[in-house]
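Asks: Return a 3D structure for these sequence lines:
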Amino acid sequence: MERILLVEDDVQIVSGLMEFLQGEGFWVDSANGQRQALRKIEQGGYDLLLVDISLADGNGYAVCAAAKAAGDMAVIFLTASADEYSTVAGLDMGADDYISKPFRPRELVSRIRSVLRRAGKSNSALEYNGLQVDPVRGKVVSPKGEILLSALEYRLLLTFFQHKGAVLTRSQLLEEIWDVAGEFVNDNTLTVYIKRLREKIEQDPGNPCYIRTIRGLGYKLGE
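Replies: Predicted coordinates for the structure are as follows:
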């Protein structure tokens, strides 16, 4: 499980982001400013730093510099400033990426996973009952060989693997995949794509062992 340190002095942002990122499978710690962040970085053990450029007791640049000096820690800046200077300064400090506020949580997760993959800190292939999803290479492999999926089918399957064991409602799945399709995805479309995905990954699509329907609730992968 990848370990993230969130450095942010807005209590509401910290609370919301920590809950969301933990729900996405990350281990998340927080620091409310520069001084606390520097102490935690010194203790070590983090894979990625999410840091706001503007902090009440300092700034994110100093935190980024300390993280890079301490070891191989990826850094993403969170900033409300859209000016070119802030962006360039952050990247010059060694940041791996930046995202401007306000941002969509799903976009942030996508950026985090991308940075972790580039840094070689992302988890390897996900597996359940012989079905494997490799997030780094975008490959899906079953005991019979590689399975070719469309972008939306792949994102749907990856969502199930990222929430293995949890019941996902149709609303949650629609939220995950609508931007992959590049257009509005409605409830009927979701039904079609789940049917297509089952036809490709299940031995018996009529009696699925991977993506199971939980009547009245949604769908579930795993126990």
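Asks: CA only for contacts and neighbour counts going forward, please
Replies: Fine.
Asks: now what about the helix or strand bottoming out on mean pLDDT in the chain, what contacts it?
Replies: Sorted by mean pLDDT, DSSP states H and E, the helices and strands of the chain end with helix 84-92, the least confident at a mean of 73. Outside helix 84-92, the residues within contact range by CA atoms under 8 Å, 6 or more residues apart in numbering are Y61, F77, D97, Y98.
Asks: Stretch 195-214 now?
Replies: Residues contacting stretch 195-214 (CA under 8 Å, 6+ apart): L131, S142, I147, L149, E153, L157, F160, V167, Y219, K220, L221, G222.
Asks: Show the buried residues in those residues.
Replies: Buried subset of the contacts of stretch 195-214 (neighbour count, 16 or more other CA atoms under 10 Å): L131, S142, L149, E153, L157, F160, V167, Y219, K220, L221, G222.
Asks: Which one of those residues is nearest to R35?
Replies: F160 (38.7 Å; CA to CA).
Asks: Please confirm that that closest one is located within a strand.
Replies: No - counting by DSSP: H, G, I helix; E, B strand; the rest coil, F160 is not found in a strand; it is helix.
Asks: gap between the residue lying closest to it once chain neighbours are set aside and D204?
Replies: Excluding the flanking residues, the one nearest F160 by CA to CA, 6 or more residues apart in numbering is L221, at 5.9 Å. From L221 across to D204, the span is 15 Å (CA to CA, to the nearest Å).
Asks: Please apply the same query to S15.
Replies: Taking CA to CA as the measure, S15 falls 43 Å from D204.
Asks: again, but for E153
Replies: In this structure, E153 and D204 are 18 Å apart, going by CA to CA.
Asks: And for R39?
Replies: From R39 across to D204, the span is 54 Å (CA to CA).
Asks: just for this protein, where's the confidence low?
Replies: Where the chain drops to pLDDT under 70, the residues are 1, 81-84, 120-125, 136-137, 179-184.
Asks: run the last query once more with 80
Replies: Low-confidence segments of the chain, defined by pLDDT under 80: 1, 25, 72, 80-93, 117-126, 134-138, 144, 176-185, 223.
Asks: How is it partitioned into domains?
Replies: Domain assignment for the chain by automatic domain parsing gives 3-118, 126-221.
Asks: need the contact list for the residue nearest the centre of the chain.
Replies: By CA atoms, centre = their mean, the chain has its centre lying nearest to V109, at 3.2 Å. Going by CA under 8 Å, 6+ apart, V109 touches L21.
Asks: Check the one 10 residues further on too.
Replies: If a contact means CA under 8 Å, 6+ apart, then A119 has A74 as its contacts.
Asks: Using CSV, write out every CA atom in whichever helix or strand R196 is part of.
Replies: Using DSSP states H and E, R196 falls within helix 187-201. The C-alpha coordinates for helix 187-201 follow below in CSV (Å, rounded to 0.1, in the frame of the first residue of the first chain):
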residue,chain,number,x,y,z
ASP,A,187,-27.4,3.9,-16.7
ASN,A,188,-28.3,1.9,-19.7
THR,A,189,-24.8,2.3,-21.1
LEU,A,190,-23.3,1.0,-17.9
THR,A,191,-25.5,-2.1,-18.1
VAL,A,192,-24.2,-2.7,-21.7
TYR,A,193,-20.5,-2.4,-20.7
ILE,A,194,-20.9,-4.6,-17.6
LYS,A,195,-22.4,-7.3,-20.0
ARG,A,196,-19.6,-6.8,-22.5
LEU,A,197,-17.0,-7.0,-19.8
ARG,A,198,-18.5,-10.2,-18.4
GLU,A,199,-18.5,-11.8,-21.8
LYS,A,200,-14.8,-11.2,-22.1
ILE,A,201,-13.6,-12.2,-18.6
